[in-house]
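*Asks:* my questions are about this predicted structure, shown below with the sequence.
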Amino acid sequence: GGLCDFVYGRGQYQYQSSNMVNGGIWARYTGKPYEFNAAIMFNYYKNRENGGVSDLNYILNGSNIQANSMPVKMNGAESKYRDYCYLLNHRYRIGKYVIDTISDDSVHAYYQPIVVIAHQFRAEDVKRHYFESNIPGSMGYEYNNYSNEMTHDSTAYWTITNTISATLDESFNKKAKFGLSAFLEYEARHFGVGYASKTDTVTKLNETLHNLCAGAIWSKNQGKYIKYNFNGKIYFLGERIGNFDVNGDLTGIIPFKSKIDTVDKGNMDISAGASFSRTSPYHLYYNYYSNHYCWENNQFSNPLTLDVHGRINVHVAEQEISVGVGFRNLTDFIYLNDQAIPTQVDGNVQVLSIDAMLNLKAWLFHLDTKAVYQLSSNKEALPLPDVALYTNFYFMHQFFKKVLTLQIGVSLAYHTEYYANVYVPALGQFRTQHELLIGNYPDMNVYVTFHAKTIRFFVQYAHLNNGLFGGNNCMTMPGYPINPGTFQMGLSWNFWN
């Protein structure tokens, strides 16, 4: 099979358009002892960079100036991304044919895998180009390292991974059902950084790194009441030597009786998990060179991450309630500071989060809501909103013998104020800032969706509350306001036999 998607967005502010083309082809073969999956995928993305609105008073003071007339910081910049991905996953099942007697005159024969030998090949090739036809003074760049007239930065990355594994099939042992797997993985990574001036093309970084790691997985995915997955890996050769990642998840399923909506059964899932890892810093945090940003020979220790989480989920018919809690400890956390320079925290950063999800149905009306409370111990390095909320209230019904599904609803997204990270076009990354609070603004949409077999059509008015209520701080991040109220429509049509 294959697919190809083209997405184009104009935006309503100047120099805000973007387009994307992605797709690929894939093939699959499934036999009793042998099977394979192969895919080739591609992504092209081009984004015009405007650097945000140059004067925030146009937004915060509720100016009557149209969005497409507001001055922006950049008018001749764009980013281009290209990504190729190649995947081959094949396995051979070593097993035997088993005959089960169903009755005196009926038997069932099937192939029972015992050990599965698998190999996975994955390759990815990524490039980014950043262009400026002129140097925007309003961006406040401190340096122009190779040109005062134009910018053409390029960053390249490719990786090749080969993984060989052997797995004891979970369904083989009837008395103690679990899966056990061991694997060995080789990884090659390449990083390239350079630029092109009007007279020359220069390569500043061209480095290939190799790593070898081994790991194991112990899992139970077919249990009726208990499921678990414990896995870990450690790098023992290469640039990542000493890196490791261990994690585990355990879920208990408790069925119970209920009379909601004439359904007499429900489930309560109780899950808990934890992970602990040591990971080398992103390689370009050590050395990077571009027209506006440059750092060399940075010395960072390997960050440690500890994550602990738990969840209780109750599901009955179309009603669902879920409550979760999580704690994360980041040791030697690395981030881009207010000057967009990699910086490492000396010590720990903790994040505590509590979330709740509520999906309810009454007759033909639905309410899907999710809220999260989170607390960061170091808001200078890791700013987070204290509360974030998303809710969707809609009417849904099927007509014409369930051929047509109609959904009419309104959705709302909201979070409290915080110093949100700001986008840096020249890096394609986000840095911290502590000048402007973002949030405390509801973003509301109203929509109608029609779904008939393979055809889906929707009509939506986005940012319904623009200029009506909620205030004026309608920005997703500093300098980048939400598009004004917009009428949108779309059509999706799937073709298959």
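*Replies:* Arrived safely. Numbers count the residues shown, from 1 in each chain.
*Asks:* can we go C-alpha only for contacts and neighbour counts from here?
*Replies:* OK.
*Asks:* how about low-confidence regions in the stretch 351-497 of the chain?
*Replies:* 496-497 (pLDDT under 70).
*Asks:* contacting residues for residue 71?
*Replies:* Listed by Cα atoms under 8 Å, 6 or more residues apart in numbering, the contact partners of residue 71 are 14, 53-55.
*Asks:* repeat for residue 420
*Replies:* Contacts of residue 420 by Cα under 8 Å, 6+ apart are 383-384, 432-433, 436-438, 477-478.
*Asks:* checking it next. Helix, strand or coil?
*Replies:* Of the three states, residue 420 takes coil under DSSP: H, G, I helix; E, B strand; the rest coil.
*Asks:* need the contact partners of stretch 97-110.
*Replies:* Residues contacting stretch 97-110 (Cα under 8 Å, 6+ apart): 111-112.
*Asks:* that stretch: how far from the chain's middle?
*Replies:* Counting by Cα atoms, centre = their mean, to the nearest Å, stretch 97-110 is centred 46 Å from the centre of its parent chain.
*Asks:* what do you get for stretch 239-256?
*Replies:* Using Cα atoms, centre = their mean, the offset of stretch 239-256 from its chain centre is 19 Å.
*Asks:* send the alpha carbons of that stretch over as CSV?
*Replies:* Output of stretch 239-256 as CSV, limited to C-alpha atoms (Å, rounded to 0.1, in the frame of the first residue of the first chain):
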residue,chain,number,x,y,z
GLU,A,239,29.9,7.1,22.7
ARG,A,240,26.9,6.2,24.9
ILE,A,241,28.8,3.7,27.1
GLY,A,242,27.2,3.7,30.6
ASN,A,243,23.8,4.9,29.4
PHE,A,244,21.0,2.7,30.6
ASP,A,245,17.2,2.6,30.7
VAL,A,246,15.1,0.3,32.9
ASN,A,247,11.4,0.6,33.4
GLY,A,248,8.4,-1.5,34.4
ASP,A,249,4.6,-1.3,34.3
LEU,A,250,2.1,-3.4,36.2
THR,A,251,-1.7,-3.4,35.6
GLY,A,252,-4.4,-5.2,37.6
ILE,A,253,-7.9,-5.6,36.0
ILE,A,254,-10.8,-6.0,38.4
PRO,A,255,-14.2,-6.8,36.7
PHE,A,256,-17.4,-5.8,38.5
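*Asks:* contact partners of that stretch?
*Replies:* Against stretch 239-256 from outside (Cα under 8 Å, 6+ apart): 209-211, 224-236, 265-280.
*Asks:* what segments of the stretch 351-497 of the chain are strands?
*Replies:* For the stretch 351-497 of the chain, the strands defined by DSSP state E, counting those that start in this stretch cover 365-376, 387-399, 404-415, 422-424, 429-431, 443-452, 455-462, 475-477, 480-481, 486-493.
*Asks:* just so I know, which of these lies nearest residue 83?
*Replies:* strand 429-431 (17.2 Å; Cα to Cα).
*Asks:* what does the closest one contact?
*Replies:* With Cα under 8 Å, 6+ apart as the criterion, strand 429-431 contacts 335-340, 421-424.
*Asks:* hmm, 6 Å instead?
*Replies:* Applying Cα atoms under 6 Å, 6 or more residues apart in numbering, the contact partners of strand 429-431 are 336-338, 340, 421-424.
*Asks:* redo those as CSV? Include neighbour count.
*Replies:* Formatted as CSV, the contacts of strand 429-431 follow (neighbours: other Cα atoms under 10 Å):
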residue, neighbour count
336, 18
337, 17
338, 18
340, 18
421, 24
422, 22
423, 20
424, 14
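*Asks:* a markdown table for these, including distance to residue 117?
*Replies:* Output for those, formatted as a markdown table (distance: Cα to Cα, whole Å):
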| residue | distance to residue 117 |
| --- | --- |
| 336 | 43 |
| 337 | 46 |
| 338 | 49 |
| 340 | 46 |
| 421 | 45 |
| 422 | 47 |
| 423 | 45 |
| 424 | 46 |
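*Asks:* and which of those is nearest residue 185?
*Replies:* residue 336 (30.9 Å).
*Asks:* give the contact list for the closest one.
*Replies:* With contact set as Cα under 6 Å, 6+ apart, residue 336 has these partners: 342-343, 431.
*Asks:* do the same with residue 11
*Replies:* Residue 11 makes contacts with residue 17, as judged by Cα under 6 Å, 6+ apart.
*Asks:* make it 8 Å
*Replies:* Going by Cα under 8 Å, 6+ apart, the list of residues near residue 11 reads 17, 483.
*Asks:* can you check the one 4 residues further on too?
*Replies:* When the contact criterion is Cα under 8 Å, 6+ apart, the partners of residue 15 are 48-50, 74-75.
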